[in-house]
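> Have a look; sequence and predicted model below, questions after that.
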Amino acid sequence: MWENRQQLLSQSLNLQMFLRDAKQAEVLLAHQEHVLSKDEMPANLEQAENAIKRHEAFLTTMDANDDKVNNVIQFAQRLEDEGHFAADKAQRKAENISERREANRQRAVQLMEKLRDALQLQQFLQDCEELSEWIQEKNIIAQDETYRSAKTVHSKWTRHQAFEAEIASNKDRLYHIQQAGEQLITEKPEIISTIDPRIQELSHQFDDLERTTREKGERLFDANRQVLYEQTCDDIDTWMSDLEKQMVTGGTGEDLASVNILMQKQQMIETQMAIKAQQVSELGAQAEYLERMTPEKVEDIQQKKEAVERRFDELKAPLVRRQRDLEKKKEAYQFRRDVEDEKLWISDKMPLATASDNGNSLFNVNVLKKKNQSLRTEIDNHEQRIHLVCNNGQKLIDDQYLQGTNPIQIKNE
């Protein structure tokens, strides 16, 4: 009898412990169900990003609480294995807890998918809003009848070309938004009523902006084509005269620092050359238009255009030669600096290599051997650098570009 009572008390204790753990698991599941019941979708991009962060933290917490649910299920199985008098009741409760957990897990995964879809949608809508604001801003500029800060027709033309180029370069933003919208509609056809109107609205806005910009160009310049043509030619001529003076008086540098500065200026000149090349090529279209409008001036128009084109072409070869001269000068000055650096390195290592101290004890000899080995390793590793400098010097000797020095002597040193 005593043993039966002991077994009953033991089973009762286990049952109460199971019910306690089950209650804790049910509280956790009830909290999860409460959180998942708030199926509110974000209204903007920031809310979508914050909602995903919160839900990721929620999923992490769910994973951490899985052990508590698993313990309850394992506890119920143990009670059944031990033939507990309430094993059936424990199993039913454990199955209910397991089913609630799986249901919560599925709802959490589904909610994450919805939030990610909402993030994509809100990102799309924000991109649309940003582009729409940019279009409205540029429309204000396009509707302004003139460029007030520009003093000549040519400068106004240059400003307008830059504005047109900015409009054209930003059309890719519209293409990307259209592609993103089409992708979203393909994946989620139910949101077509949200996406399609925004794409159409942006397309209309951009078309209006392009048309307004084009009409502004026509209003500003069609009545001044002759003046624009002459001012463009004069502007290019003036720029070429200034460039020719720079090339005559500029020099090619007296040291490595000055050569580097001149090479940066040369790069700026080449950038300007590309801009002027575009303007020179556009003279052809302007000339054709003027020839149709004023046939009596065809000869003068052609002569002015050909003179500018000829002079511009004549500038290209001297610029190439100057670039090559600067590069060679830089190589020569760089070689001289490298030689000086290597001489300093050698003079720094020579006392260590020629030291006469051979040590006066076993300990000192071992120390000196380690130092000598380290020096040999450093010299071996540095030898490649010496060869590289010597090869650069040999190349300059072959090109006969170490002017004013004895290049062979420098290389041998």
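Okay, I see it. Numbering: from 1, shown residues only.
> what is the mean pLDDT for the strand or helix carrying Gln110?
Taking DSSP states H and E as the criterion, Gln110 maps to helix 87-143. Mean pLDDT, helix 87-143: 89.
> And the helices in the stretch 151-300 of the chain, which stretches?
Counting by DSSP state H, counting those that start in this stretch, the stretch 151-300 of the chain has helices at residues 153-169, 171-187, 192-221, 225-249, 256-293, 298-353.
> Of all these, which one is nearest Ala94?
Nearest to Ala94 among the helices of the stretch 151-300 of the chain is helix 171-187 (39.4 Å), distances taken as C-beta to C-beta. Where you see a C-beta, it was placed from the backbone N, CA and C, and this is true even at glycine.
> Now do the closest one against helix 87-143, angle only.
150 degrees (axes from the mean of the first three to the mean of the last three C-alpha atoms, to 10 degrees).
> and helix 171-187, what other elements does it pack with?
Applying 3 or more C-beta pairs under 8 Å, 6 or more residues apart in numbering; DSSP states H and E, one finds that helix 171-187 contacts helix 87-143, helix 192-221.
> what would those look like in JSON lines with mean neighbour count and distance to His387?
Below are the helices and strands packed on helix 171-187 laid out as JSON lines (neighbours: other C-beta atoms under 10 Å; distance: least, C-beta to C-beta, whole Å):
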{"stretch": "helix 87-143", "mean neighbour count": "16", "distance to His387": "56"}
{"stretch": "helix 192-221", "mean neighbour count": "15", "distance to His387": "60"}
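> so how far is the helix holding Gln110 from its chain's centroid?
Its chain's average C-alpha position is 27 Å from that of helix 87-143, according to C-alpha atoms, centre = their mean, to the nearest Å.
> Go ahead and flag the most central residue of the protein.
In the chain, the centroid-proximal residue (C-alpha atoms, centre = their mean) is Arg173; its distance is 15.7 Å.
> Quick check: which ranges of this structure have low pLDDT?
When residues are selected by pLDDT under 70, those of the chain lie in 1-9, 11-12, 14, 145-154, 221-224, 249-251, 293, 400-413.
> coming back round to it: mind listing what the residue nearest to the centre of the chain touches?
By C-beta atoms under 8 Å, 6 or more residues apart in numbering, the residues touching Arg173 are Asp127, Leu131, Trp134.
> Just give me the closest of those to Leu262.
Trp134 (39.7 Å).
> Quick check, the closest one in contact with Ser169.
No - the pair formed by Trp134 and Ser169 falls short of the contact definition of C-beta atoms under 8 Å, at 11.8 Å.
> circling back to that earlier point, in CSV, list the helices of the stretch 151-300 of the chain along with distance to Gln47.
CSV is the format used below for the helices of the stretch 151-300 of the chain (distance: least, C-beta to C-beta, whole Å):
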stretch, distance to Gln47
helix 153-169, 32
helix 171-187, 18
helix 192-221, 16
helix 225-249, 52
helix 256-293, 45
helix 298-353, 55
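> With Met62 as the reference, name the closest of the ones you listed.
Closest of the helices of the stretch 151-300 of the chain to Met62 is helix 171-187, at 26.5 Å (criterion: C-beta to C-beta).
> Quick check: closest non-adjacent residue to Leu119.
Using C-beta to C-beta, 6 or more residues apart in numbering and skipping the chain neighbours, the partner closest in space to Leu119 is Ala48 (4.2 Å).
> helices or strands up against whichever strand or helix holds the one you found?
Following DSSP H and E, one finds Ala48 within helix 45-81. Here helix 45-81 touches helix 2-37, helix 87-143, going by 3+ C-beta pairs under 8 Å, 6+ apart.
> starting at the chain centroid, how far to that helix?
38 Å.
> orientation of that helix relative to helix 87-143 in degrees?
In terms of direction (the same axes, to 10 degrees), helix 45-81 departs from helix 87-143 by 170 degrees.
> Right, I'll call it a day here.
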